[in-house]
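Colleague: Here's a sequence, model it:
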Amino acid sequence: MDHSTEKRALSGLDLNELTEYVKALGLPAFRAKQIHSWIYSKNAAEFSEMTNLAADLRERLTRDAKVSLLTTANLQVSRDGTRKYLFELPDGKMVESVLMAFQDRASLSACLSSQVGCAVGCTFCATGYLGFKRNLTSQEIVDQVMSIQRESGKRVSNIVYMGQGEPLLNTEEVIKSIRMIIDSVGIGARHITVSTSGIIPGIERLAKEKLPVTLALSLHAPDTETREAVVPITKQYPIKDLMKSLRQYRELTGRRVTIEYVLLEGVTDNEYQAEHLAELVRDLHCNINLIPYNPTTDPGKPDGEPLYRRPSIKRQEKFKQIASLSGKTVTLRLERGTDIDAACGQLHNAYQRGRS
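Modeller: Presented below is the predicted three-dimensional model:
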């Protein structure tokens, strides 16, 4: 494909970038504000919808540009209403995003990807089996939100960077996308969560921006031996150093940190580990979010046995009870979309694999 002849996609561009684009067309700068409003406030999918632009300008834009950067290759809807999108990027690569709704609250959360694949290789996460392909641009990240809103007809109110990839191995583009989501999409920083497996330089870089977003650490084990086994990046960024960086993040941003902890039967769910976790976070201003394991297999072996098993409800509740001795709020995550592989750790582009 000759990418030089492709139409310019405008969704995911900020106002300055849109202003540069309209000026290059010989148009006044106020046209950029109009286009910006149609894309971000009114979720316009086509230039023909932008009725305060002259008909000849709408026709010109339709010839030379397009609204959406991403193409929806597949959409799955769960029994619980969760929507999982497989988006095709301009170079033909794929990423998945998820729109989650909850019965007990009106807000909608979008789970965004920051990379194609992932290099971290957490053993319970299907995305790692794709390998790392490339980082996403800020435009590709932001257009996930806008594509979801255009398709669903619903307004996203919360953003979690918990899709495919490690956000803090793509820190600059993630930070740029956060600023765009705040300024253009209109979602407040306090409604944005960035999840990391523990990339200390990325945590430090994000902290310097002093954006009041929530940082979520995928801890998953309180002891070095177990964490190195399930989150191999621990060998590069030890738990002691990681906890220090979280305390510094809290000091710089004033934001409470979230500790994410996956419960793997016989691996991370024993009572000693719950006690160790409680002690580890005792002096950290944080919440603890326990994630019962969602079944995943090696995507290269779709009929294989699950990599791990989920602990019993009784064991989950016992772990929660002991972890609560830390004095922190401890919750057991209510998973969404497990029937369509849309829950935590399950994103692996299965549709793409099935059609190849």
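Colleague: and Leu263, what does it touch?
Modeller: 269, 290-293, 310-311, 315-316, 319 (Cβ atoms under 8 Å, 6 or more residues apart in numbering). Bear in mind the C-beta positions are built from the backbone N, C-alpha and C, glycine included.
Colleague: Okay, and which of the residues you listed map to strands?
Modeller: If you go by DSSP state E, those have 290-292 in strands.
Colleague: Tell me the one among those nearest to Thr331.
Modeller: Set against Thr331, the nearest of those by Cβ to Cβ is Leu290 (6.8 Å).
Colleague: Neighbours of the closest one, how many?
Modeller: Residues lying near Leu290 (other Cβ atoms under 10 Å) number 23.
Colleague: excluding its backbone neighbours, what's nearest it?
Modeller: Leu332 (4.9 Å; Cβ to Cβ, 6 or more residues apart in numbering).
Colleague: And Lys42, by the same measure?
Modeller: Glu49 is the one closest to Lys42 (Cβ to Cβ, 6+ apart), at 7.6 Å.
Colleague: ok, that neighbour touching Trp38?
Modeller: Yes. Between Glu49 and Trp38 there is a contact at 6.8 Å, judged by Cβ atoms under 8 Å.
Colleague: neighbour count winner among the two?
Modeller: Comparing Glu49 with Trp38 by other Cβ under 10 Å, the one with more neighbours is Trp38, at 21 against 13.
Colleague: if I've got this straight, the more buried one is in a helix?
Modeller: Yes. Trp38: assigned to a helix according to DSSP: H, G, I helix; E, B strand; the rest coil.
Colleague: what residues are up against the residue lying closest to it once chain neighbours are set aside?
Modeller: Among residues not flanking Trp38 along the chain, Ala44 sits closest, at 4.1 Å (Cβ to Cβ, 6+ apart). Counting by Cβ under 8 Å, 6+ apart, Ala44 makes contact with 38, 50, 67.
Colleague: Doesn't Ala44 lie inside a helix?
Modeller: No. Using three-state DSSP, the assignment for Ala44 is coil, not a helix.
Colleague: Between the contacts of Leu263, which sits nearest Phe124?
Modeller: After measuring the contacts of Leu263 against Phe124 - Cβ to Cβ - the closest member comes out as Tyr293, at 6.3 Å.
Colleague: Can you report phi and psi for the closest one?
Modeller: phi -50, psi 130 (degrees, to the nearest 10).
Colleague: Next up, the contacts around it.
Modeller: 124, 262-265, 308-311, 345.
Colleague: pLDDT at it, what is it?
Modeller: pLDDT recorded at Tyr293 is 89.
Colleague: so how far is Arg309 from it?
Modeller: 7 Å (Cβ to Cβ, to the nearest Å).
Colleague: Spit out the residues that contact these two alike.
Modeller: 264-265.
Colleague: Next, count neighbours for Ala54.
Modeller: Neighbour tally, Ala54, other Cβ under 10 Å: 10.
Colleague: residues contacting it?
Modeller: Contacts of Ala54 (Cβ under 8 Å, 6+ apart): none.
Colleague: Could you rerun that using 10 Å?
Modeller: Each residue near Ala54 by Cβ atoms under 10 Å, 6 or more residues apart in numbering is listed here: 31, 60.
Colleague: Next, give phi and psi for it.
Modeller: Dihedral angles (degrees, to the nearest 10) for Ala54: phi -60, psi 150.
Colleague: repeat for Glu140
Modeller: Per degrees, to the nearest 10, the backbone of Glu140 is at phi -70, psi -30.
Colleague: Let me see the confidence value for Cys118.
Modeller: So Cys118 comes in at 89 (pLDDT).
Colleague: Now for it, how many residues are close by?
Modeller: Neighbour number of Cys118 under other Cβ under 10 Å is 25.
Colleague: wait, isn't the residue nearest to Lys42 in contact with Leu61?
Modeller: No. Counting by Cβ atoms under 10 Å, Glu49 stays clear of Leu61, with 11.2 Å between them.
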